[in-house]
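Novice: Okay, structure incoming, though there's no sequence with it:
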Ligand code: AHR
């Protein structure tokens, strides 16, 4: 009896070991295979939130491009601007064994552990829009803008258009604390103005990339320094539009009494430029959907992809806004 049981046990163990090997081999090669329904690539995407006009356009671009691509099935999750929600979503994608994880990180740090978990599960990760501070081997590529360069462009526009030897007092509306665009746009702007001693950032606070907070922070700036403010540098158009409302309610003329420069180039900013209330907007292109779908397919096919797929962008101001407006897609 014991002999029969021992033989059965050893046979069962061999079968399970073989099955284990097969499973191991499958996961080791899963970067180059697709596991979804009808052979579709299942993609888990964690979005930052819905904080701005830019973000709405970015979400639409990703959803539309996935919808139009017969090879992709998208699982979309909104992190509501909270890193903890984003980490939960990524863990849930890992548990669901999606083929690729893509996300636009709310902040720049604190993703190492979850990225290691994705790597251990052999699920490739693609970053869109924002970068992370992590070991680059933990993600395949990052598709998005050069935020430092956007900050530099904003400062150069100011130096070219607010030309004076007198003191220029700048107030800065920063994006979400700890996010790549807030860190980099600040750094790029400061890098350019550091050699021009009369241009000074006198106040700098976060408006979290939203209109409501941009307005609230600008109201506080006006209350303490109203008459002394010459320039508003907003890390995005939504906060600039909020600041415009605050300036009007305070009784000053935005775009005239105070020069306003922001980043994104969304339609709302073009309307404000055509009204003469916003002076310039540095473009940050949110239409990343098609590039993302292509990168997903390339990664799954085992192709090499560049570590940073950069977005090309322009500069718009009151001199060219009306001409460009009909061409704007977001
Ligand atoms: O990461 C891109 C930034 O995030 C955009 O400039 C801003 O509008 C958005 O919320």
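Specialist: Nice, thanks for sending it over. The model shown is predicted, which means the values in this text are computed figures rather than measured ones. Numbers count the residues shown, from 1 in each chain.
Novice: contacts, neighbours, all on C-alpha from now
Specialist: Will do.
Novice: so where's the protein uncertain?
Specialist: Applying pLDDT under 70 to the chain flags the ranges 1-37.
Novice: Spell out which residues of it are next to the ligand.
Specialist: 51, 52, 54, 55, 129, 130, 181, 209, 236, 264 (C-alpha under 6 Å from any ligand atom).
Novice: partner residues bridging the last one?
Specialist: I take that to be residue 264. residue 283 (DSSP bridges).
Novice: if I read this right, it contacts residue 280, doesn't it?
Specialist: No: in this structure, residue 264 is not within contact of residue 280 by C-alpha atoms under 8 Å, at 10.1 Å.
Novice: These two: which is more packed in?
Specialist: Taking other C-alpha atoms under 10 Å, residue 264 and residue 280 do not tie; residue 280 has more neighbours (31 against 25).
Novice: Check the contact between the more buried one and residue 260; I expect there is one.
Specialist: Yes: taking contacts as C-alpha under 8 Å, residue 280 lies within contact range of residue 260: 6.8 Å.
Novice: Between the two ends of stretch 200-215, how far is it?
Specialist: Using C-alpha to C-alpha, to the nearest Å, the end-to-end distance of stretch 200-215 comes to 21 Å.
Novice: Identify each buried residue in that stretch, please.
Specialist: Neighbour-count burial for stretch 200-215, with 16 or more other C-alpha atoms under 10 Å as criterion, is recorded at 200-201, 204-215.
Novice: Let's have those in TSV, adding secondary structure.
Specialist: Formatted as TSV, the buried residues of stretch 200-215 follow (DSSP: H, G, I helix; E, B strand; the rest coil):
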residue	secondary structure
200	strand
201	strand
204	strand
205	strand
206	strand
207	coil
208	coil
209	coil
210	coil
211	helix
212	helix
213	helix
214	helix
215	helix
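Novice: Return the closest of these with respect to the ligand.
Specialist: residue 209 (5.1 Å; C-alpha to the nearest ligand atom).
Novice: So for residue 112, what's the nearest residue that isn't a sequence neighbour?
Specialist: In this structure, residue 112 finds its nearest non-sequential neighbour in residue 134, 5.9 Å apart by C-alpha to C-alpha, 6 or more residues apart in numbering.
Novice: Around the one you found, count how many other residues there are.
Specialist: Around residue 134 there are 15 other residues, counting by other C-alpha under 10 Å.
Novice: which SS state does it fall under?
Specialist: Classification of residue 134 by three-state DSSP places it in coil.
Novice: what sits against it?
Specialist: 109, 111, 112 (C-alpha atoms under 8 Å, 6 or more residues apart in numbering).
Novice: I'd say the second one and residue 136 touch.
Specialist: Right, residue 111. No: contact criterion C-alpha under 8 Å: residue 111 and residue 136 do not qualify, at 11.8 Å.
Novice: Please give the element, helix or strand, for residue 84.
Specialist: For residue 84, the element it lies in under DSSP states H and E is helix 83-95.
Novice: That helix: which residues count as buried?
Specialist: Buried residues in helix 83-95, counted by 16+ other C-alpha under 10 Å: 83, 85, 86, 87, 89, 90, 91, 93, 94.
Novice: quick one: contacts for the third one?
Specialist: By C-alpha under 8 Å, 6+ apart, the contact set of residue 86 is 46, 47, 48, 78, 79, 105, 106.
Novice: Let me have those residues in JSON lines, extended by neighbour count.
Specialist: Converted to JSON lines, the contacts of residue 86 look like this (neighbours: other C-alpha atoms under 10 Å):
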{"residue": "46", "neighbour count": "27"}
{"residue": "47", "neighbour count": "25"}
{"residue": "48", "neighbour count": "24"}
{"residue": "78", "neighbour count": "16"}
{"residue": "79", "neighbour count": "22"}
{"residue": "105", "neighbour count": "26"}
{"residue": "106", "neighbour count": "27"}
